[in-house]
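Asks: model this:
(chains A, B, C and D)
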Protein chains: 2
Amino acid sequence: MTVTLADVAARAQVSPATVSRVLNGNYPVAAGTRERVLRAVDELDYVLNGPASSLAASASDLVGILVNDIADPFFGIMAGAVQSEIGPGGRAGGERLAVVCNTGGSPERELTYLTLLQRQRADAVVITGGAIEDAEHMNALAAKMERLTDAGTRVVLCGRPPAPDTGAVALTFDNRGGGRRLTEHLLGLGHRAIGYIAGPEERTTTRHRLEGHRAALAAAGLPDGETVHGPYDRSSGYDAALELLRRDPSLTAIVAANDSVALGACAALRDAGRRIPDDVSVAGFDDLPFSIDTVPALTTVRLPLYEAGARAGRIAMSREKEPPGGVATVHGELMVRGSTAAPRG
Amino acid sequence: MTVTLADVAARAQVSPATVSRVLNGNYPVAAGTRERVLRAVDELDYVLNGPASSLAASASDLVGILVNDIADPFFGIMAGAVQSEIGPGGRAGGERLAVVCNTGGSPERELTYLTLLQRQRADAVVITGGAIEDAEHMNALAAKMERLTDAGTRVVLCGRPPAPDTGAVALTFDNRGGGRRLTEHLLGLGHRAIGYIAGPEERTTTRHRLEGHRAALAAAGLPDGETVHGPYDRSSGYDAALELLRRDPSLTAIVAANDSVALGACAALRDAGRRIPDDVSVAGFDDLPFSIDTVPALTTVRLPLYEAGARAGRIAMSREKEPPGGVATVHGELMVRGSTAAPRG
DNA sequence: TTGAGCGTAGAAAGCGCTTGCTATGAGGTT
DNA sequence: AACCTCATAGCAAGCGCTTTCTACGCTCAA
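Replies: So this is what the prediction gives:
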């Protein structure tokens, strides 16, 4: 029914071993023989049986990429960059199956996907985005990562703090520094009543950005401002902005956990009759593609998502040597645009 | 080194066959035995060898999802919906490895990924987004899909025209109808000079949306308006809008191939000193999440991306019966918002 | 001429799992 | 008491490939 190696071998009048060697190209085969084999492969429309091959070679060409939310361009951009370095058509040339798995931000699903990838004996795994700060989950995750690296699977974290003693390489985003510079910018403009819309609690990204924000306030001798937590999406930003306004109608600036949240906040402010930036300044984080096109354009912290993803991909493929200590920090760049200005009067 | 089924069997004092049956749960095993086996699995931290299992059972738990651009929420939303029906934590409960593959819109990569999935003996494949209308590629693709379905892999197209005689089920988007209604809306407002920013040529999505647009014009007795082609992204929209303005400075409306393009067009119009919608109306397509938050909010055609993706996922899992004839059409809904208005004077 | 050395190909032993078939008892029947 | 039925469990034969080891010519140097 389905064509096997043996069929190809028979057709090319060689042994299965030779066909395998032609296909893998890791053993000398005479040019004529090779050609005969390739012709047979073509004529029979032969497709290698991946499982059989992986079993025999105890290695696969599968690389997994975990993302928290595939519908969010923040992850899409990183995932695309990783794939561009790994998958078909990538610089590597290898025909690897670079696949992205959507955890939806759920710790269990993160672990399940990791197990599934371990089951497939994945070559490498790239985990993108922030982590959940739950002790139990962190332990389970660390244990899993360690088992993966022990089994020879390279694990690279992209946009997540290092996981010590797991063998995983980390490309960490400087969320704290970015958050701090952003708030410093606002303080520099003269804002003193600044509301903060944070991401979901228990996420490293959320915490670090908030810490940076508060560090800037503290450095200026100011207390923490009003803070509201919520998911990383526009409607959360919308609701949170209204809530902040309710708590402190006199606030002159809102810092959002990311650009999508900022976008929702802008909509809420407009609906509440506040002009941006005249009445209230708004700032985001990430600098997603749409952020330059909002009205007014969004002040934000640009994270080099594509570059970081690409680098993570190369490290996963061992085409770039890992950073010293297995950890590198990726910095953001403050992008000052029209959504922030000095507060009135 | 690595723990195998046999190790678990030894520890649980049963045969490997029994362990396998406990793990697969498709054969009666006495409760006590099952428990002993599960304990051993746990104690040894056993993880099934996927390739070996797939080889022996000649079936895998891999489901592939192909997308044209993973950084575009249009695809991210669909992919996420498919995964929600298939992957871990999904309604199916099965621990399937639902993976998304980014073709980047390249025909070769599309084929390569399909081959890679065929190689892994994927359970099912969902292909999202429009197709390339190149005869050679279409044939190759059809042949590949046919071979996949022949081998028992269910193939579902989501947002792509049917592929007759390939065994693939298609959930097609009514791009033509949506495009037509959108332009009818503009005509109804009184616009006569309407520019069109199309997507890349040779894509079904591009062609159908444009055809709908022109059908509306023709029905109103108007000739085709100015048209510019470009990629489906904001900078393409920016450039194209300027080009349209150059060609016809008096145009009163611009229809864009999708929302991202429309966003770029809006930016260009603003930079050119035109007010929206006072001077020029702008419309998009898809109704991505950000579209309601643009200023002014974008008139567009809402496509039920999540619902369509979820349905594609269920069909791929045979949890919903396929539509009659293997083809169903998904309609869009015109969303009239602030970016379109009657032309002045 | 003989033997070493090289380039190339084949034989065959698995890789770790699934599953059809067979074996074994316990419980129920007549 | 002998027999039949189930419910469970084990045996063993693969699944289709990779890879080690061996074999077979040849060429080339001694």
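
Asks: so A:Ala267, which of the three states?
Replies: Following DSSP: H, G, I helix; E, B strand; the rest coil, we place A:Ala267 in the helix state.

Asks: thought it was touching B:Asp293?
Replies: Yes: counting by Cβ atoms under 8 Å, A:Ala267 touches B:Asp293, with 4.6 Å between them. For the C-beta atoms, the positions are set from N, CA and C on the backbone; glycine is no exception.

Asks: any shared contact partners between those two?
Replies: A:Arg234 (Cβ atoms under 8 Å, 6 or more residues apart in numbering or on different chains).

Asks: what residues does the stretch 51-200 of chain A put near DNA strand C?
Replies: A:Leu55, A:Ala56, A:Ser58 (Cβ under 7 Å from any atom of the strand).

Asks: For the last one, which residues are in contact?
Replies: So the one you mean is A:Ser58. Contacts of A:Ser58 (Cβ under 8 Å, 6+ apart): A:Arg121.

Asks: now the one 4 residues further on
Replies: A:Leu62 makes contact with A:Arg96, A:Leu97, A:Val99, A:Leu117, A:Gln120, A:Arg121, A:Ala122, A:Asp123, B:Gln120, according to Cβ under 8 Å, 6+ apart.

Asks: quick one, strands of the stretch 1-150 of chain A?
Replies: A:62-67, A:97-102, A:124-128 (DSSP state E, counting those that start in this stretch).

Asks: Take those strands and write them to JSON lines, including mean pLDDT and distance to A:Asp248.
Replies: Below are the strands of the stretch 1-150 of chain A laid out as JSON lines (pLDDT from 0 to 100; distance: least, Cβ to Cβ, whole Å):
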{"stretch": "strand A:62-67", "mean pLDDT": "97", "distance to A:Asp248": "35"}
{"stretch": "strand A:97-102", "mean pLDDT": "95", "distance to A:Asp248": "37"}
{"stretch": "strand A:124-128", "mean pLDDT": "98", "distance to A:Asp248": "35"}
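
Asks: and those as TSV, adding distance to A:Thr2?
Replies: TSV is the format used below for these (distance: least, Cβ to Cβ, whole Å):
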stretch	distance to A:Thr2
strand A:62-67	21
strand A:97-102	19
strand A:124-128	29
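
Asks: Of all those, which one is nearest B:Asp278?
Replies: strand A:62-67 (40.8 Å; Cβ to Cβ).

Asks: Who does that closest one pair with, and is each partner parallel or antiparallel?
Replies: strand A:97-102 (parallel), strand A:124-128 (parallel) (DSSP bridges).

Asks: who touches the shortest one?
Replies: Residues outside strand A:124-128 that contact it (Cβ under 8 Å, 6+ apart) are A:63-68, A:75, A:78-79, A:82, A:86, A:110, A:114, A:117, A:148, A:153-160, A:168, A:309, A:312-313, A:316-317.

Asks: what's the neighbour count on the residue nearest to A:Asn102 when sequence neighbours are not counted?
Replies: Among residues not flanking A:Asn102 along the chain, A:Ile70 sits closest, at 4.2 Å (Cβ to Cβ, 6 or more residues apart in numbering or on different chains). Neighbouring residues of A:Ile70 were enumerated by other Cβ atoms under 10 Å in any protein chain shown; the total is 29.
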